[in-house]
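Enquirer: I would like the atomic coordinates for the input below:
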Amino acid sequence: MSKTILIVDDEKMITATLSTLIKMVLKHSVLVFNDPAEALSSEYLLNKNVDLVISDFMMPGMNGLEFLRSVKEKSPESVAILLTGYADKENAIKSINEIGLYYYLEKPWDNTTLIKVIQNGLEKKELSETLKEKLDEVQESHREIERLYELLKKDYQQEVDSVKNLIITLANVIEAKDKYTDGHTRRVGMISRRLGQMMGLSTERLQHLEISGIIHDIGKVGVPEAILNKPGKLTDEEFEIMKKHSIVGETICRPLNSLQMCLDPIRHHHEKLNGTGYPDGLRGDALSMEARIIAVADIFDALYTKRPYRDKLPINKVKEILAEEVDKGALDKDVVTALFNLIDNGDIRHIIGD
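Expert: Just a heads-up that it's a prediction; the model follows:
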């Protein structure tokens, strides 16, 4: 997509040279001014339609720093590049923090370097805009969550059985939004309860463990669908947004009195015993048994489920991956052993549909 670049220099030969170079190499639109005051009155700048500004430092009436400071006031998102003489370098360096200068180049500049700096600056601006859009989506989702919570909290402050019906409904909402995890949350809930029985948990803890498994991904209502249903690998920025779902899930459930025992496993089902998990980087004894169990059940079901980018893995391969995670110190060995016993005895078939 063509960008708009504004060039300001009192020397017409310089503006003509830069304009020709940028148009030939980058194919972007170029606006040229030899008077900084006139450039500040440009309708493009006033309408925030300028992507990048290149300004000389020494100009009559207004120097480059004064000009770019005014540019930032009118169009904060525009990328600023300053052309300086050697004697101006100290002022240019100071201006990086003062006015948000992206880069400065000393005269005479190298054309290859200049083009690369422009390309990088435009890519930085585009990335910032994309991240801002994603953050806006997340914030909008959070507002929607708060609105839904206000509608729900008056009606669902009831006993655990009533809450469980609500939880199943919310789990269905998640699975409807995330088309690749149909039945995932309910299977995780059932597998977690069965593992909890083998680990000797009390009846009360088993009930809350199963509910936690069913709603462990409830926070995904705050993840944009474009990220949630992306078939390929997530970018680092997208993964950071995805990682917030465990915190969002805890936030949604915290006001419900009947779900207080579910908050820990909801928040920490992606933690690892060796501290490599998220969101809090817990390790060892800091992880509850419920969080350890749901972590294993969640990973098992994800591996043994068909995804858009791969078929479900063979059960032997799934066991191999889980065993490797135990060896790394990421998963609880006793919980994984209990899961392997369920698999080997066939006690899990009615849950996973084999």
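Enquirer: Do you have the helices of the stretch 51-200 of the chain handy? List them.
Expert: Per DSSP state H, counting those that start in this stretch, the stretch 51-200 of the chain carries helices over the ranges 64-74, 89-98, 111-152, 160-177, 184-198.
Enquirer: okay, these, which one's buried deepest?
Expert: Comparing the helices of the stretch 51-200 of the chain on average neighbours per residue, with mean count of other C-beta atoms under 10 Å, the densest one is helix 184-198 at a mean of 23. All C-beta spots, glycine's among them, are computed from the backbone N, C-alpha and C.
Enquirer: And the next helix or strand past that helix?
Expert: Moving toward the C-terminus from helix 184-198, the next helix or strand (DSSP states H and E) is helix 203-215.
Enquirer: tell me what that following helix is packed against?
Expert: helix 160-177, helix 184-198, helix 263-268, helix 289-303 (3 or more C-beta pairs under 8 Å, 6 or more residues apart in numbering; DSSP states H and E).
Enquirer: run the last query once more with 6 Å
Expert: Contact partners of helix 203-215 among helices and strands, from 3 or more C-beta pairs under 6 Å, 6 or more residues apart in numbering; DSSP states H and E: helix 160-177, helix 184-198.
Enquirer: mean pLDDT for these: which is lowest?
Expert: Averaged per stretch, pLDDT over the helices and strands packed on helix 203-215 is lowest on helix 160-177, reaching a mean of 64.
Enquirer: Spatially nearest residue to residue 53 (excluding sequence neighbours)?
Expert: Distances taken as C-beta to C-beta, 6 or more residues apart in numbering put residue 6 closest to residue 53, at 4.6 Å, once the chain neighbours are dropped.
Enquirer: Got the phi and psi for that neighbour?
Expert: Phi and psi for residue 6, reported as degrees, to the nearest 10, are phi -110, psi 130.
Enquirer: Quick check: buried residues in stretch 325-340?
Expert: Neighbour counts over stretch 325-340 (16 or more other C-beta atoms under 10 Å) mark 325, 326, 330, 331, 332, 334, 335, 336, 338, 339 as buried.
Enquirer: ok, and what's touching the strand or helix carrying residue 44?
Expert: Counting by DSSP H and E, the element that carries residue 44 is helix 43-46. Contacts with helix 43-46, where a contact means C-beta atoms under 6 Å, 6 or more residues apart in numbering, come from 50, 74, 75.
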